[in-house]
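>>> sequence and predicted structure below; questions after.
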Amino acid sequence: MIDKKELQIIASLRKNSRTRLTKLSKVLGIPISTIFSKIKQNQGGLIMQNTVLLDFNYIGFNTRAYVFMKVDKRQKKDFTEFLLKHNNVNSLYKVNNGFDCMAELVFRNLKELEAFLEILEGKYRLQRKDVHYIIDDLKREKFFSDPEMIDSLMK
């Protein structure tokens, strides 16, 4: 089981992963060596990946959508492999409630996204498709990012 100190470290890193360990040590009252070893210990487990969140608009990708899809059972494996390999699929999830997956798609514009969806429909027998365009990020990757909220989250 993960102890409270580890959770505080993780929450602090989720808030700002570039925070220096010396600053983290002072704020949390935990020795730097302990922080370092806890981070190292949790890599590949609790800490799945160190990454950067991008604002895709800055690099010219202005259209994002979450697309829920259900495909013919016989094509599910090929369909999933196609999506896993496609560069414009930012995230892919297996879901339920009448759908097989949800894909977060990122494209330069609406025309490119719609062309991609047409390709999918031409190549695979989509039984259901539900497209939700993302207008703006109101909150993103904030769960478990406040060390002061650890106690209330763990109840």
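Cool, the structure landed.

>>> any idea whether the most centrally placed residue in the chain is helix, strand or coil?
Centroid-nearest residue in the chain: Ser91, 6.5 Å away (criterion: C-alpha atoms, centre = their mean). Recorded secondary structure, Ser91: strand (DSSP: H, G, I helix; E, B strand; the rest coil).

>>> now do the same contact list for it.
Residues near Ser91 by C-beta atoms under 8 Å, 6 or more residues apart in numbering: Ala103, Glu104. In this view, the C-beta of every residue, glycine as well, is placed from N, C-alpha and C.

>>> list the beta-bridge partners for it.
Glu104 (DSSP bridges).

>>> could you pull out the helices for this protein?
Assigned by DSSP state H, the helices in the chain fall at 4-15, 21-28, 32-42, 76-85, 110-123, 150-153.

>>> how about JSON lines for those helices, with distance to Lys139 and mean pLDDT added?
Output for the helices of the chain, formatted as JSON lines (distance: least, C-beta to C-beta, whole Å; pLDDT from 0 to 100):
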{"stretch": "helix 4-15", "distance to Lys139": "13", "mean pLDDT": "92"}
{"stretch": "helix 21-28", "distance to Lys139": "23", "mean pLDDT": "95"}
{"stretch": "helix 32-42", "distance to Lys139": "24", "mean pLDDT": "93"}
{"stretch": "helix 76-85", "distance to Lys139": "26", "mean pLDDT": "98"}
{"stretch": "helix 110-123", "distance to Lys139": "23", "mean pLDDT": "98"}
{"stretch": "helix 150-153", "distance to Lys139": "16", "mean pLDDT": "85"}
